[in-house]
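Undergrad: coordinates only, sequence not included:
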Ligand SMILES: NC(=O)C1=CN([C@@H]2O[C@H](COP(=O)(O)OP(=O)(O)OC[C@H]3O[C@@H](n4cnc5c(N)ncnc54)[C@H](OP(=O)(O)O)[C@@H]3O)[C@@H](O)[C@H]2O)C=CC1
Ligand SMILES: O=C(CO)[C@H](O)[C@H](O)COP(=O)(O)O
């Protein structure tokens with residue numbers, strides 16, 4: 001540390017918890033001069049201890065922290081989303097100069113990012129939202145990052161972000177996402193897909209455990225074999241390992257000792273809420289959010305389980321595990337397709353200018369939803385940048401077609417046995433609806449017009465029509 005020159009660090013981090021500390025250490029590993037600020041003394045100590053081989057420093061005083069940064073000051077926030085981000089910005093603002101940069105890298109709600117950008121723009125401070133994914137390990141050794149908004153400020157940090165990000169085929173898993181709050185919108189959608197895939201893995205576990213009576217060891221083997229094939233993904237990989245992890249307290253497998261009530265921090269819910277706002281159907285993600293909420297109704301579930309009785313076993317054919325692999329592939333593909341479709345629509349409605357291929361490309365490494373299948377998504381949008389829906393791509397279509405038979409067998413067998421597979425079922429019914437040339441929605445329109453004079457359109461002429469349904473024109 002150079003004591004004669006106070007402003008010695010190139011990048012500063014506010015929040016030295018799981019993500020902030022590890023990203024900062026990653027930056028230090030890559031040769032960047034970094035400093036951090038956290039109100040927790042404990043976090044500062046851990047940070048300095050873990051980073052002792054580097055020339056870095058942590059501050060408990062925000063004034064000293066800001067003074068230690070070179071101009072233009074570049075400060076990344078990795079604090080809990082919501083009011084804390086506003087309070088940190090409020091503390092920083094009087095200490096900053098025009099041209100300084102704040103990057104919010106937490107899971108902030110995208111509308112908050114738009115508001116903060118405008119508030120800080122008035123004061124001459126650059127602000128942009130940047131989603132980050134990869135958890136603790138990703139932050140430490142290479143995350144996927146989704147910066148969007150202020151292009152001028154992005155140019156200042158581009159090289160650093162590319163250096164610290166994950167790499168796939170030597171290409172960085174970070175790119176300029178688009179205008180406005182697009183970085184946080186894309187990260188929110190990433191998390192929506194994350195919820196869907198996690199729920200599909202949970203339902204697969206349910207089928208194997210309660211439908212087929214597999215023990216944890218057998219379940220682990222199924223996931224392990226799938227992870228060596230086209231279903232290879234980060235979530236599949238960690239899930240297979242969960243089934244081997246021993247509880248220190250009981251010596252049993254830890255998974256069996258964990259309560260069946262799933263918590264959430266909000267990004268999945270926001271994805272569903274926003275999808276409703278922009279009228280994009282993403283029922284697998286919606287169902288994954290609702291299923292976490294259903295899991296919280298433990299007392300009611302136990303009461304109704306006693307009232308209605310247990311589920312039955314699945315009468316499995318010898319190829320059932322192969323069918324299950326197809327069903328997982330099918331439902332997973334639908335989940336990614338729904339997320340991408342939402343991004344396609346948001347890009348139009350919010351004028352984000354998203355490059356869909358680039359998004360798939362930077363999700364192939366570093367992030368929680370990284371998966372083999374993202375290569376197919378990347379290639380599809382690379383070939384056709386304006387592709388509305390992933391399932392219009394010929395390569396994806398061919399693969400989906402091949403997995404349909406197994407999917408129908410798994411979904412119908414599980415439903416017949418009374419097993420709860422909400423996301424598998426949502427995937428299949430979404431797909432079947434999407435490929436219905438003429439839906440029964442003409443009846444919905446007739447009903448709306450009948451009870452509320454809401455009008456309808458006709459197939460044989462342009463215009464808006466209303467019928468006097470009470471005349472009983474039978
Ligand atoms: N964990 C993950 O896998 C991922 C998290 N994220 C997002 O990243 C953000 C950070 O998450 P994560 O690192 O897990 O959270 P942590 O809780 O581990 O870390 C947040 C840190 O910020 C500190 N902090 C809180 N308020 C202030 C303040 N006013 N000034 C300075 N420091 C403060 C906290 O201190 P204290 O504990 O004392 O309050 C804590 O050390 C969140 O938005 C999260 O959603 C994004 C991707 C992955
Ligand atoms: O952003 C993440 C990964 O990409 C976080 O891990 C995410 O916040 C987890 O969400 P939840 O707590 O709602 O399951």
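TA: It's in. If you're wondering where the values come from, they're calculated on a predicted model, not measured in any experiment. Ligands and ions are numbered 1, 2, ... in the order given.

Undergrad: surely residue 130 meets residue 144?
TA: No: using CB atoms under 8 Å, residue 130 is not in contact with residue 144; the gap is 10.9 Å. Using the backbone N, CA and C atoms, a C-beta is placed for each residue, glycine as well.

Undergrad: Could you count how many residues lie near residue 448?
TA: Using other CB atoms under 10 Å, the number of residues around residue 448 comes to 13.

Undergrad: tell me the phi and psi of it?
TA: Here is the backbone geometry of residue 448 (degrees, to the nearest 10): phi -60, psi -40.

Undergrad: Ok, the one 10 residues further on next?
TA: Backbone dihedrals for residue 458, given as degrees, to the nearest 10, come out at phi -110, psi 160.

Undergrad: and it, what does it touch?
TA: residue 465 (CB atoms under 8 Å, 6 or more residues apart in numbering).

Undergrad: Kindly provide the distance from it to residue 164.
TA: From residue 458 across to residue 164, the span is 58 Å (CB to CB, to the nearest Å).

Undergrad: same question, residue 432
TA: On the measure of CB to CB, residue 432 and residue 164 end up 44 Å apart.

Undergrad: ditto for residue 410
TA: 41 Å.

Undergrad: quick one: which of these two has more around it?
TA: Taking other CB under 10 Å, residue 410 and residue 164 do not tie; residue 410 has more neighbours (29 against 25).

Undergrad: Where does the stretch 51-200 of the chain get nearest to ligand 2, which residue?
TA: residue 133 (4.0 Å; CB to the nearest ligand atom).

Undergrad: circling back to that earlier point, between residue 130 and residue 144, which one's more packed in?
TA: residue 144 (29 against 25).

Undergrad: give me phi/psi at the more buried one?
TA: Dihedral angles for residue 144 - degrees, to the nearest 10 - are phi -100, psi 130.

Undergrad: pretty sure residue 70 contacts residue 32?
TA: No: in this structure, residue 70 is not within contact of residue 32 by CB under 8 Å, at 11.2 Å.

Undergrad: Common neighbours of those two, please.
TA: Residues touching both residue 70 and residue 32 (CB under 8 Å, 6+ apart) are residue 10.

Undergrad: mean confidence score for stretch 261-269?
TA: What stretch 261-269 shows for mean pLDDT is 97.

Undergrad: the domain parsing of this protein - what is it?
TA: Domain segmentation of the chain under automatic domain parsing yields 11-176, 189-434.

Undergrad: center of the chain - which residue?
TA: Per CA atoms, centre = their mean, the C-alpha nearest to the average position across the chain is that of residue 191, at 1.6 Å.

Undergrad: near ligand 2, anything from the helix or strand hosting that one?
TA: Using DSSP states H and E, residue 191 sits within helix 182-206. Yes: Helix 182-206 lies within reach of ligand 2 by CB under 6 Å from any ligand atom, at 191, 194.
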